[in-house]
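A.B. asks: The amino acid sequence is not available; the structure is as follows:
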């Protein structure tokens, strides 16, 4: 299990063909290589079944894409925090725009993640919701205006005020929360801009996973992370 | 990947501590042993993250506990049929009482499972719903009155008419569908009764997973399967 | 409470501004007028809060847009079948594409509707799902390919085979079920075509509600119903 | 439409038989009488179909039990804020424990309620979640530990710290938010205790609706409100 540091690039594999099964392993290997070469922290969030094969063989921090607000018991088809930890995950996305949770569930799942020592990265859609989540004490918040996800129009350029106001509101409530931003991040400039706006990293999906040359794109991203 | 035969005992690991992480591996090993010793088909449905470690190292048919009605794409935190197949699963539970799906989703997920060659086992709660599912052409239907799940009062004794009427209705609509029954199955007699009522196997969870001696219980189950 | 006859035109008010509050009352009055003038059966499905004001003052059959699979009890914010009946509804849409239900819920809600004497109109998305619903014994099935809803491209023209195969499959399973079709119905020709394909009516929303002159459009629809 | 004042007793009718259809009208009349006699503010939240008949004939503030995070459009079976307003509601419960919402939906629905001038009463399950909701700027928060709902063991006695900490946390974030508490409130003492702990009222359901003599119980409640 590889520890998480900031600044952080976190790659969401979603359920893309380019990041499923053997492709997931290949992509994870590329991520590991860039991370080692640039001495940066690049995490990845593969599909559930790919967590163990990656986490047990590579020195990259592996996140789940979702975890359920449950304790051990009768929850067929759900994702137990303990199962992620045992598989080698270091953290988990929570409340991604494609997998929103109810408010009380977010509270529960942040607590449960802490109990089993998983880094909680709660996704939010705007400043107000980011502030609400901050009161619940997650490790990280990743603000992503859903209307920009997958568009190639980066949040750091199209809606910088969402990022800066999130940073301001969240830090006021809970200065320990690490803030990432995401949505539309496809170029190294977007990463640099995200850091300038006060975040400590980015959450990226198609910008890397569906790039013609993920290695090249990610290398450029990582180089902007280290300055 | 190990093929599925009938009669079949299918063990649902749920999110029990006794079947998570290292315990999942141990329990899977016991299941493999009983299966080999008795020359019966015993499948298991572990949590998502435990599918690959088990399927890649043991000669048991591995099922997922749930799969989402999706094709590759932007579905963070969801379970893609292709990901299960790549991890070594041979099939999947669908619509378990703890993870019910919408009707149109069941239709989609049966089709998607067939496309990637996963055996679909759709759970139902009564005769009428079993008949409805039969029209959608799944590989198997597992009828489980939810009020008996986890009670230790077996469906084959408490509600035999649910089983016999399901067999009758389903076979009339689609004679190729394999029928299992579940809920409250804890003793070898319950397994024998299930087969007598016309099913080709059972879906079991706590009866095996939480047994003091899962090996012993499962051996007794398997012996009744082969008569 | 006004009885339902076939052939039937059923107007779904959705949550359109043109069919909310005072506008709902006005539109219901237009529907009542056309119905009386043409001696046809035209039902309407307004929003929940508009059911009582319409049902208690006009001679039109009023449907709910949704009902929950519950009995009286602690279900804050849910829609109890008994409450609809008491408000004067004669029936209810179930499982509309914008409000899909789980399979076991559809089974329950059809039974509960029958218990309180509400006509159940279950919406489906294709032939296979229509057949599945037919086994559950609803009063009516309204097949609507979701991809055509709101497009103005009518199901009776773009996908006639969905309609004819639904009629065939459903009648084979349960000849008592009344079949409607919907999606994209905007012209009188679409209504005529729907009847020719074997249905006993149509489910329409924007085609009437958002028409410049709902009275005129509906009159044309109704005239095709009676030939 | 009758305005809301504090202190406030808010009666949730749920989907109880005792508060459906004609019974809803009778109970609303009792509430109106007690309110007029004691010159206190007693609101009620009937089922959707009963809102208009009550709001248009009685001088009591009527709330919905739920509203959906939507604007006018294609949302069959959903509850549009505008429809509640048009029916005479003055406010709405949001996120009741029996009808939880996703976090981003709560944010949207508070904003939408304000746009149409509905008083938003967001239900929460504990102190942390109350603080999270406070950042979103609702009009009121009703904290109700779900494990006490319907038990007859009142939150103000069994878990006073949940109430006092909610008051403290919420007031710190947003002093304008009115705080109610609920769960298990069945006696006049529970109402008095709730006010002593810093709330401005209570949310009650079975304690009044299922009382042998709702008039008598409510009169006792109201008398404690006014001292």
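C.D. replies: Received the coordinates, thanks. Quick caveat, the model's predicted, so the values are computed rather than measured.

A.B. asks: all helices of chain A, in order?
C.D. replies: A:22-38, A:48-55, A:81-87, A:103-115, A:127-134, A:155-158, A:160-173, A:188-196, A:206-209, A:214-226 (DSSP state H).

A.B. asks: among those, which gets the worst mean confidence?
C.D. replies: Per-segment mean pLDDT for the helices of chain A reaches its minimum on helix A:155-158, at a mean of 82.

A.B. asks: for that helix, packing partners?
C.D. replies: In this structure, helix A:155-158 makes packing contacts with helix A:160-173, strand A:178-182, helix A:188-196, judged by 3 or more C-beta pairs under 8 Å, 6 or more residues apart in numbering or on different chains; DSSP states H and E. In short, each C-beta sits where N, CA and C put it, glycine included.

A.B. asks: will you turn the helices of chain A into a markdown table that also has mean neighbour count?
C.D. replies: Compiled in a markdown table, the helices of chain A are given as follows (neighbours: other C-beta atoms under 10 Å in any protein chain shown):
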| stretch | mean neighbour count |
| --- | --- |
| helix A:22-38 | 18 |
| helix A:48-55 | 26 |
| helix A:81-87 | 26 |
| helix A:103-115 | 21 |
| helix A:127-134 | 26 |
| helix A:155-158 | 21 |
| helix A:160-173 | 19 |
| helix A:188-196 | 20 |
| helix A:206-209 | 23 |
| helix A:214-226 | 19 |
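
A.B. asks: quick one: which of those is nearest residue C:69?
C.D. replies: Ranking these by their distance to residue C:69 (criterion: C-beta to C-beta) puts helix A:103-115 first, at 22.3 Å.

A.B. asks: does chain B sit close to the closest one?
C.D. replies: No - using C-beta under 8 Å from any C-beta of the partner chain, no contact is recorded between helix A:103-115 and chain B, whose separation bottoms out at 11.8 Å.

A.B. asks: Any part of that helix near chain C?
C.D. replies: No - looking at helix A:103-115 against chain C by C-beta under 8 Å from any C-beta, there are no contacts, and the closest approach is 14.6 Å.

A.B. asks: What lies in contact with that helix?
C.D. replies: A:67-71, A:81, A:91-92, A:94-95, A:101, A:119-120, A:122, A:132-133, A:136-139, D:95, D:100-103, D:106, D:124-126, D:128-129, D:132-133 (C-beta atoms under 8 Å, 6 or more residues apart in numbering or on different chains).

A.B. asks: Quick check on these: which are buried?
C.D. replies: Of all the contacts of helix A:103-115 considered here, the ones buried according to neighbour count by 16 or more other C-beta atoms under 10 Å in any protein chain shown are A:67-70, A:81, A:91-92, A:94-95, A:101, A:119-120, A:122, A:132-133, A:136-139, D:95, D:100-103, D:106, D:124-126, D:128-129, D:132-133.

A.B. asks: In strands, which of those appear?
C.D. replies: With strands defined by DSSP state E, the entries of these inside them are A:91, A:92, A:94, A:119, A:120, A:122, D:124.

A.B. asks: with the residues you listed in mind, which one is nearest to chain C?
C.D. replies: For those, the residue nearest chain C by C-beta to the nearest C-beta is residue D:124; the value is 14.1 Å.

A.B. asks: hang on, that closest one packs against residue D:96?
C.D. replies: No - the criterion here is C-beta atoms under 8 Å, and residue D:124 misses it with residue D:96 at 10.0 Å.

A.B. asks: my read: residue A:211 touches residue A:217, true?
C.D. replies: Yes - contact status for residue A:211 versus residue A:217: in contact at 4.3 Å, counting by C-beta under 8 Å.

A.B. asks: can you list residues touching both of the two?
C.D. replies: Common contacts of residue A:211 and residue A:217, defined by C-beta under 8 Å, 6+ apart, comprise residue A:186.

A.B. asks: re earlier: need the helices and strands packed on helix A:155-158 in TSV with distance to chain D, can you?
C.D. replies: Compiled in TSV, these are given as follows (distance: least, C-beta to the nearest C-beta, whole Å):
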stretch	distance to chain D
helix A:160-173	8
strand A:178-182	15
helix A:188-196	21
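
A.B. asks: Turn the ones you listed into TSV, columns for distance to residue C:207.
C.D. replies: Compiled in TSV, those are given as follows (distance: least, C-beta to C-beta, whole Å):
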stretch	distance to residue C:207
helix A:160-173	39
strand A:178-182	40
helix A:188-196	44
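
A.B. asks: Quick one: closest of those to residue B:25.
C.D. replies: Within the helices and strands packed on helix A:155-158, the stretch nearest residue B:25 is strand A:178-182; the backing value is 33.9 Å (C-beta to C-beta).

A.B. asks: Please enumerate residues in contact with that closest one?
C.D. replies: Contacts with strand A:178-182, where a contact means C-beta under 8 Å, 6+ apart, come from A:6, A:8, A:10, A:12, A:121, A:123, A:130, A:139-144, A:149, A:155-156, A:162-163, A:166-167, A:170-171, A:194, A:197-205.
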